[in-house]
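A.B. asks: take a look and give me a structure for this.
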Amino acid sequence: MKKMLVTLLLALGMIAAAPASFAETEMEMDRETMQEMVQQSMEMWQIEDGVSVEDAVESMKLRANLLNFQMVSDLPLSEQVKAMGQESNYIRILAFCDALIAKEMVEFDVIFSGFLPCRIAVVEDDEGRGWITTMNMDMMLHAVDLPADLEPMAKRVRDNIYEIVEAGVTGAF
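C.D. replies: Purely as a prediction, here's the structure:
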């Protein structure tokens with residue numbers, strides 16, 4: 001159920017952000033192929049028992065700080081939804097970035113700007129289980145032939161994001 005929700009939200013976001021000419025044309029891929037592509041573009045981990053969603057967020061912030069990886073945004077979406085008068089499970093989006101690496105990647109290929117900053121979502125499902133999702137960083141890295149000087153930088157970003165996620169999943173400080 002959660003995977004379907006993540007897939008739907010990502011697909012809707014991609015369609016909404018697409019130029020009108022793209023959205024108006026008939027898609028050449030079948031729906032099943034598109035859904036599979038969206039599923040493969042995201043990764044999802046269940047937060048370990050005994051680790052609250054708040055603990056996961058704090059662990060990720062601390063790990064990012066230890067890695068000298070800047071948190072550039074913190075979007076407490078469920079709080080905003082509640083302020084608008086509706087109930088909501090916990091939904092929080094954190095965004096992390098190394099500005100110098102981001103600059104290099106965008107200068108190489110503007111398409112990378114669509115992946116910036118690196119986002120990690122922390123959500124709670126209807127059963128109270130916490131989940132962490134982020135983009136499949138390996139898929140992104142293998143989609144483009146990076147020059148030798150950019151590849152180690154991109155791998156460092158990937159490794160940092162996955163280390164931040166792992167800290168959240170385990171609650172490690």
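A.B. asks: please count neighbours and contacts with C-alpha atoms only from this point.
C.D. replies: Will do.
A.B. asks: quick one, phi psi at Gly85?
C.D. replies: The phi and psi values for Gly85, taken as degrees, to the nearest 10, are phi 90, psi 10.
A.B. asks: count the neighbours of Ala102 for me.
C.D. replies: Burial measure for Ala102: 20 neighbouring residues, criterion other Cα atoms under 10 Å.
A.B. asks: just confirm it contacts Leu116, I think it does.
C.D. replies: Yes - between Ala102 and Leu116 a contact is recorded at 7.3 Å, counting by Cα atoms under 8 Å.
A.B. asks: ok now the helix ranked longest in the chain, how far from the chain's centre?
C.D. replies: When secondary structure is assigned using DSSP state H, the longest helix within the chain turns out to be helix 151-170. A distance of 12 Å separates the centroid of the chain from that of helix 151-170, by Cα atoms, centre = their mean, to the nearest Å.
A.B. asks: and the gap between Ala154 and Ala121?
C.D. replies: In this structure, Ala154 and Ala121 are separated by 20 Å, where distance is defined by Cα to Cα, to the nearest Å.
A.B. asks: over to Ser41?
C.D. replies: If you go by Cα to Cα, the gap between Ser41 and Ala121 works out to 14 Å.
A.B. asks: neighbour count: those two, which is higher?
C.D. replies: Neighbours were counted for Ser41 and for Ala121 using other Cα under 10 Å; Ala121 has more, 20 against 17.
A.B. asks: which SSE is immediately downstream of the helix or strand that contains that one?
C.D. replies: With elements taken from DSSP states H and E, the one containing Ala121 is strand 118-124. Tracing the chain C-terminally past strand 118-124 and defining elements by DSSP H and E, one meets strand 130-135 next.
A.B. asks: how many residues are close by Gln86?
C.D. replies: Taking other Cα under 10 Å as the neighbour definition, Gln86 ends up with a count of 10.
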